[in-house]
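*Asks:* sequence-free structure coming up:
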């Protein structure tokens, strides 16, 4: 419990700011998700040796497992802290509701495409000069690394084994890394 004479900020105000920031993040991610559907309207072979594919829910679970565990922790922790800080419980419910929406958006199938000039992933377009393909790849997804991103460099791509195999060959060809 917060003592009445403490100089700590109002817990309701802190909760509102945190929920507001989370709301912006959830809306931002949802916008990128819808943008991907507009950028990649067709699947399969594309003109100029391009290829587009879509994941399934199971591919997204494999691709997002660490994020899903993090979201679970982020949903549970406020319940333990809200009572100690006198935070109104409505903000915990709103927080969990926003995180639940974000969790759903992580599990929605995603669209990817490779073209001769760009990689389309997670609603964004990456120039090939800014990407590299590491030699060692996981079994159930394909990883590209974004140059200059440091620890945030991995760009995991999901999909069926056959789609990832086609994409891997295309990426190797584009990047000049054919084996």
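*Replies:* Yep, it's here. Because the structure is a prediction, the values reported are computed rather than measured.

*Asks:* Just give me how far stretch 47-56 sits from the chain centre.
*Replies:* Relative to its chain's centre, stretch 47-56 lies at 19 Å (Cα atoms, centre = their mean, to the nearest Å).

*Asks:* list the buried ones in that stretch?
*Replies:* 50, 51, 52, 53, 54, 55 (16 or more other Cβ atoms under 10 Å). Quick note: C-beta positions are derived from backbone N, CA and C, even for glycine.

*Asks:* Kindly present those as a markdown table, with separate columns for pLDDT.
*Replies:* Shown next, in a markdown table, are these (pLDDT from 0 to 100):
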| residue | pLDDT |
| --- | --- |
| 50 | 90 |
| 51 | 94 |
| 52 | 93 |
| 53 | 93 |
| 54 | 90 |
| 55 | 88 |
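
*Asks:* Make CSV out of those residues and add distance to residue 90 and secondary structure.
*Replies:* Listed next are the buried residues of stretch 47-56 as CSV, based on distance: Cβ to Cβ, whole Å; DSSP: H, G, I helix; E, B strand; the rest coil:
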residue, distance to residue 90, secondary structure
50, 48, strand
51, 47, strand
52, 43, strand
53, 42, strand
54, 38, strand
55, 35, coil
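
*Asks:* contacting residues for residue 81?
*Replies:* Contacts here follow Cβ atoms under 8 Å, 6 or more residues apart in numbering; on that basis residue 81 touches residue 87.

*Asks:* again with residue 88
*Replies:* 11, 12, 15, 82 are the contacts of residue 88 under Cβ under 8 Å, 6+ apart.

*Asks:* Can you spell out which helices and strands pack onto the helix or strand hosting residue 90?
*Replies:* Counting by DSSP states H and E, the element that carries residue 90 is helix 89-107. Counting contacts by 3 or more Cβ pairs under 8 Å, 6 or more residues apart in numbering; DSSP states H and E, helix 89-107 packs against helix 11-39, helix 57-85.

*Asks:* Who wins on neighbours among the contacts of residue 88?
*Replies:* The member of those surrounded by the most neighbours (other Cβ atoms under 10 Å) is residue 15, with 21 neighbours in all.
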